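Asker: What follows is a predicted structure for the sequence shown.
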Amino acid sequence: MVDTAGIDDSGDLGEKRINKSLQALKTVDCAVLLVAGNRFGNYELKLIDEFGKNDTPYIVVHNKCDVVKLSDETKNEILKHTTAAIVDFSSRTRAGFDEVVDALRNTVPEKSYLFKSLIGDLINEGDYVLLVTPIDSEAPEGRMILPQQMAIRDVLDNRAICIVLRETELKKFFETSCIKPAIVITDSQAFGFVKTIVPDDIPLTSFSIVFSRLKGDFENYVKGTRAIGELKDGDKILILESCTHHVSCEDIGRVKIPMWLSKFTGKKLYFNNISGLGDLPENTDDYKLVIQCGGCMVTRKQVLNRLKPFSDNEVSITNYGMAIAYLNGIFERALQPFCINREE
């Protein structure tokens, strides 16, 4: 739940509050446009316009109906500009409470609370799924990271058999086991090592690429990844990390990817990093490429809305997994499980 400051403020501080309110629209799955006293004018129309730009469903709530009820005139005026549900409500007496709940229930998109299976369309009941989970200095003590946890649960939900091991035990597994996994999913950072061990006839991809279907812009990632091969001296790369975490000397976004990209291209590249959901740079077209993390800690809408200013300016976008697969020469193989037309 995000309670914004509204947009009818004034002064320098008020302008900042207004901007914060408008920024919130890029992160929410549903909005409540709150009015009172039968006042509906330019401020509300501006918000409705912003809802449309951000593809944000919303309801209109006329509050303080215990003081002034919503008039037919105001309701008809609102209906000239929207088909959203309109509810007369009192936060003091709770009049209209059930109607607000019903309106929200009918407006909040299912995709915001019903998650698709990560790999349910790639496996069958009883299949073996092999997850390769390296443990380095970035790994949290005593637990798995969220993408690994979610992948394990998804395998179990699909009544498949989950095998989890470190990359150091991968070779021994294939040498000593007669099990042929239906798919191998690895941490993207281990692509270079894992690809030399997993037989070519076994589908291979990464957690980050799997998550790009659930949380990202999969098709545009596929197209944008190929821009890596077109990078030139002086190009600027923006790396977006949707969470905030302690930066280590092995940090994937701030250390490894910049190092691998520079080495692969042989070019003098410039990198900027933004963590969390902080403000994006104003000049989005300054960048040649944007690399988004898997987005496990945020919603799909939050990821898509952060990428939208770049895609609108025809800036190539990709994600960690696809970029690392490209750098390791297995981009096409890593996409094979998803039946991508690799000639496109």
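Answerer: That came in fine, so what should we check first?

Asker: so what are the domain limits for the chain?
Answerer: The chain resolves into domains spanning 11-112, 128-210, 216-332 when parsed by automatic domain parsing.

Asker: what would those domains look like in TSV with distance to residue 5?
Answerer: Heads up, the C-betas are built off the backbone N, CA and C, glycines and all. What follows is the domains of the chain, written out as TSV (distance: least, Cβ to Cβ, whole Å):
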stretch	distance to residue 5
domain 11-112	4
domain 128-210	31
domain 216-332	17
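
Asker: Quick check: residue 135 touching residue 167?
Answerer: No: shown here, residue 135 and residue 167 do not form a contact pair, counting by Cβ atoms under 8 Å, at 9.2 Å.

Asker: Looking at those two now, which is surrounded by more residues?
Answerer: Neighbour count, other Cβ atoms under 10 Å: between residue 135 and residue 167, residue 167 has more, with 17 against 13.

Asker: do you know which of the domains of the chain lies nearest residue 118?
Answerer: When those are compared by Cβ to Cβ, domain 128-210 sits nearest residue 118, at 4.2 Å.

Asker: any idea how far the closest one is from the chain center?
Answerer: Offset of domain 128-210 from its chain centre (Cα atoms, centre = their mean, to the nearest Å): 22 Å.

Asker: do the same with stretch 322-336
Answerer: On the basis of Cα atoms, centre = their mean, stretch 322-336 is displaced by 20 Å from the centre of the chain it belongs to.

Asker: likewise stretch 270-277?
Answerer: Put simply, stretch 270-277 sits 15 Å off its chain's centre (Cα atoms, centre = their mean).

Asker: Can I get that stretch in CSV, CA atoms only?
Answerer: Below are the C-alpha coordinates for stretch 270-277, written out as CSV (Å, rounded to 0.1, in the frame of the first residue of the first chain):
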residue,chain,number,x,y,z
TYR,A,270,31.2,3.6,-19.6
PHE,A,271,28.9,2.0,-17.0
ASN,A,272,26.3,3.5,-14.6
ASN,A,273,24.4,1.6,-12.0
ILE,A,274,21.1,2.3,-10.3
SER,A,275,19.9,0.1,-7.5
GLY,A,276,16.4,-0.2,-6.1
LEU,A,277,13.7,1.8,-7.7
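
Asker: okay if I get the domains of the chain as JSON lines plus mean pLDDT?
Answerer: Below are the domains of the chain laid out as JSON lines (pLDDT from 0 to 100):
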{"stretch": "domain 11-112", "mean pLDDT": "92"}
{"stretch": "domain 128-210", "mean pLDDT": "93"}
{"stretch": "domain 216-332", "mean pLDDT": "90"}
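
Asker: nearest to residue 339, of these?
Answerer: Closest to residue 339 of the domains of the chain, according to Cβ to Cβ: domain 128-210, at 10.6 Å.

Asker: What is the burial count for residue 164?
Answerer: By other Cβ under 10 Å, 14 other residues sit near residue 164.

Asker: Would you mind measuring from it to residue 323?
Answerer: Separation of residue 164 from residue 323 (Cβ to Cβ, to the nearest Å) stands at 25 Å.

Asker: before we move on, what about residue 224?
Answerer: In this view, residue 224 and residue 323 are 9 Å apart by Cβ to Cβ.

Asker: Looking only at neighbour counts, state which of these two leads.
Answerer: Counted by other Cβ under 10 Å, residue 224 and residue 323 do not tie: residue 323 has more neighbours, with 27 against 24.

Asker: what does stretch 303-311 contact?
Answerer: Contacts to stretch 303-311, defined as Cβ atoms under 8 Å, 6 or more residues apart in numbering, come from residues 26-27, 54, 215-217, 220, 238, 240, 242, 277, 280, 284, 287, 290, 292, 295, 317.

Asker: Among those residues, name the ones in helices.
Answerer: Among the contacts of stretch 303-311, DSSP state H puts 215, 220 in helices.

Asker: How about the most centrally placed residue in the chain: what's its closest non-neighbour residue?
Answerer: Nearest residue to the geometric centre of the chain (Cα atoms, centre = their mean): residue 303, 3.4 Å. Of all residues beyond its chain neighbours, the one nearest residue 303 is residue 295 (4.4 Å), with distances taken as Cβ to Cβ, 6 or more residues apart in numbering.
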